[in-house]
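Student: Next one to model:
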Amino acid sequence: MTENPPSSTRRSNVSRQELVELVRSQLEALLQQENFQGAKALLVPVQPVDIAQAIEDLPKAMQAIAFRLLSKQEAIEVYEYLDSSVQQSLIAELRHQEVFDIIDKMSPDDRARLFDELPAKVVRRLLEQLSPDEREATALLLGYKEGTAGRIMTTEYLSVKEGLTISQAIERVRVFASAAETIYYLYVTDRERRLTGTLSFRDLVIAQPEQRLGEIMTCDVVFVHTDTDQEEVARVIQHYDLVAVPVVDTEQRLVGIVTVDDVLDVLEQETTEDIYTLGGLEAGGDRYFQTNILTAARKRVVWLFVLLIANTGTATVISSQEDVLKQVVALAAFIPLLIDAGGNVGAQSSTVVIRGLNLKEVGIKKALQIVTRETITGALLGVMLGVAVIIWAYFLEGSLPIAITVGMSLVAITIIAAFSGSGLPFLFGSLGLDPALMSAPFITTAVDVLGVFVYLMIARVILQI
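Tutor: Alright, predicted model coming up:
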């Protein structure tokens with residue numbers, strides 16, 4: 001007995017992720033039973049983006065089979081939502097004509113992203129099969145530098161001449177709307193295709209039919225250039241609450257638009273890269289958990305080696321102060337506590353500063369103000385933590401001098417950590433280096449080496465060794 005597709009009632013009682021998992025499990029069961037008609041019926045009421053996720057989670061051998069169950073139009077929509085690794089796998093599995101039909105109907109920006117992941121030989125073959133217009137649009141996007149507005153824009157937009165009347169513009173929308181990525185905005189250009197204004201579809205509908213577009217359009221246009229960084233494009237769309245932003249070339253000619261759905265993909269990609277970088281991992285385009293073990297290890301080993309070598313400085317400091325530790329062995333027990341606490345404070349300071357730099361909330365001009373603020377914050381944190389540590393150390397060792405040594409050292413270490421954590425991102429940023437990538441290992445090294453050194457120096461003074 002085959003399983004039935006999830007009903008609309010059941011859907012209302014589950015989350016989107018649970019629905020996708022339900023569809024995937026039922027789809028896999030139906031394919032195992034070779035009940036292709038039932039599998040096809042299962043996918044009919046499901047959104048393309050959810051179908052894509054369900055197919056991605058299937059065993060690799062079943063992905064092409066499930067994809068072939070989709071209608072031609074649905075297959076085109078679903079294909080654009082698939083992960084690039086699955087897209088490449090399907091290209092190898094599907095017949096040439098099936099691949100061509102899908103690739104030719106994809107939006108130019110999604111097609112360009114796919115071609116970025118494919119071997120050059122395959123890209124050349126697919127480009128040759130595209131219609132002249134689609135080939136030109138794709139080649140245009142591939143000609144721009146990766147990570148720029150030109151690379152992520154789509155050339156499927158609606159533009160109108162400023163001399164048209166409202167009724168003429170509406171007629172143009174009727175004719176060309178199906179080929180546009182979005183019709184929420186219309187972009188007004190002059191005879192040389194230079195961007196002169198925009199108007200929303202709402203403005204178009206409520207205007208009088210005989211009015212000219214030039215009379216009602218917004219002349220103060222928010223736009224980006226083809227070489228604008230994709231993160232900056234995302235910030236522009238977020239700041240101005242836009243559904244799409246026009247892209248112009250060096251001569252102010254309209255060449256495309258970047259839509260909010262593309263920006264969401266960019267934000268996810270950039271955020272993932274930042275998180276990997278902060279963790280000391282090599283950022284990559286592939287999903288981490290889909291990579292093999294050797295690749296995963298390679299992505300993580302580089303900075304671990306750097307930290308391993310850097311931490312030999314801590315061992316050197318401890319070795320040089322061996323006489324202190326020999327006389328008061330109890331001091332050694334608190335070294336991990338001190339450097340770990342300092343590392344945590346440094347990580348907090350660097351995180352807020354790096355995030356502020358990424359969001360453009362702070363800049364190099366505010367470096368002194370931010371570093372001073374974080375250093376004072378570190379001192380306050382050190383005092384609060386130091387009091388607790390003095391009490392705890394006295395409880396453990398029964399020696400007030402040792403307890404005071406540990407407490408005072410913690411105050412000094414948190415100040416060093418906060419100063420390093422907030423100052424190093426600005427330093428590396430000013431040198432043109434990635435603050436997220438460079439800061440973590442240097443902060444760890446500074447806190448470990450200086451922290452242990454300061455701790456043992458304070459011990460010499462207080463304990464009179």
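Student: what's near enough to touch residue 347?
Tutor: 421, 440, 443 (C-beta atoms under 8 Å, 6 or more residues apart in numbering). (Glycine included, C-beta is placed from N, CA and C.)
Student: Mind telling me what element the second one is part of?
Tutor: In this case it means residue 440. Residue 440 is part of helix 435-463 when elements are defined by DSSP states H and E.
Student: Work out the gap between that helix and the centre of the chain.
Tutor: On the basis of C-alpha atoms, centre = their mean, to the nearest Å, helix 435-463 sits 32 Å off its chain's mean C-alpha point.
Student: Check stretch 176-195 too.
Tutor: What separates the centre of stretch 176-195 from the centre of its chain is 29 Å, taken as C-alpha atoms, centre = their mean.
Student: now the end-to-end length of that stretch.
Tutor: Start and end residues of stretch 176-195 are separated by 19 Å (C-alpha to C-alpha, to the nearest Å).
Student: what's the average pLDDT for that stretch?
Tutor: Stretch 176-195 shows a mean pLDDT of 87.
Student: same check, this time on stretch 410-430
Tutor: 91.
Student: same question, stretch 120-135
Tutor: Stretch 120-135 carries an average pLDDT of 78.
Student: Would you indicate which residues of it are buried?
Tutor: The neighbour-count check on stretch 120-135 (16 or more other C-beta atoms under 10 Å) flags 123, 126-127, 130, 134-135 as buried.
Student: Can you give the contact residues for that stretch?
Tutor: By C-beta under 8 Å, 6+ apart, the residues outside stretch 120-135 that reach it are 91, 99-100, 103-104, 108, 111, 115, 118, 138-139.
Student: 10 Å - rerun?
Tutor: Residues from elsewhere that reach stretch 120-135, judged by C-beta atoms under 10 Å, 6 or more residues apart in numbering: 88, 91-92, 96-97, 99-101, 103-108, 111, 114-119, 136-139, 142, 155.
Student: Just these: which are in helices?
Tutor: With helices taken from DSSP state H, the overlap with these comprises 88, 91-92, 96-97, 99-101, 103-105, 108, 111, 114-117, 136-139, 142.
Student: And those, which of them are buried?
Tutor: 88, 91, 99, 103, 105, 108, 111, 114-115, 117, 137-138, 142.
Student: Can you give me the domain boundaries for the chain?
Tutor: The chain resolves into domains spanning 8-143, 159-266, 311-463 when parsed by automatic domain parsing.
Student: now residue 45: how far from residue 51?
Tutor: According to C-beta to C-beta, to the nearest Å, residue 45 stands 10 Å off from residue 51.
Student: What is the nearest of the buried residues of stretch 120-135 to residue 436?
Tutor: residue 123 (31.9 Å; C-beta to C-beta).
Student: Okay, and the closest one sits in which element?
Tutor: If you go by DSSP H and E, residue 123 is part of helix 120-129.
Student: cool, and residue 409?
Tutor: Applying DSSP H and E as the criterion places residue 409 in helix 400-430.
Student: Please work out which of the domains of the chain is packed deepest.
Tutor: Highest mean neighbour count of the domains of the chain: domain 311-463, a mean of 19 (counted as mean count of other C-beta atoms under 10 Å).
Student: What residues does residue 73 make contact with?
Tutor: Contacts of residue 73 (C-beta under 10 Å, 6+ apart): 48, 105.
Student: what's the pLDDT at it?
Tutor: Residue 73 is given a pLDDT of 82.
Student: element containing it?
Tutor: Element membership of residue 73 [criterion: DSSP H and E] is helix 72-81.
Student: Now for residue 45 and residue 51: what residues contact both?
Tutor: Common contact partners of residue 45 and residue 51 (C-beta under 10 Å, 6+ apart): residue 23.
Student: follow-up on the earlier one: what angle do helix 108-117 and the helix holding residue 73 make with each other?
Tutor: 60 degrees (axes from the mean of the first three to the mean of the last three C-alpha atoms, to 10 degrees).
Student: quick one: the strands in the chain?
Tutor: Using DSSP state E, the strands of the chain run over 159-161, 185-189, 195-200, 224-225, 244-248, 254-259.
Student: Need these in CSV (columns: distance to residue 456).
Tutor: Shown next, in CSV, are these (distance: least, C-beta to C-beta, whole Å):
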stretch, distance to residue 456
strand 159-161, 71
strand 185-189, 65
strand 195-200, 65
strand 224-225, 55
strand 244-248, 57
strand 254-259, 56
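Student: Those strands: which one's closest to residue 218?
Tutor: The closest of those to residue 218 is strand 195-200. By C-beta to C-beta, the value is 5.3 Å.
Student: Show me what the closest one is packed against.
Tutor: strand 159-161, strand 185-189, helix 213-216, strand 244-248, strand 254-259 (3 or more C-beta pairs under 10 Å, 6 or more residues apart in numbering; DSSP states H and E).
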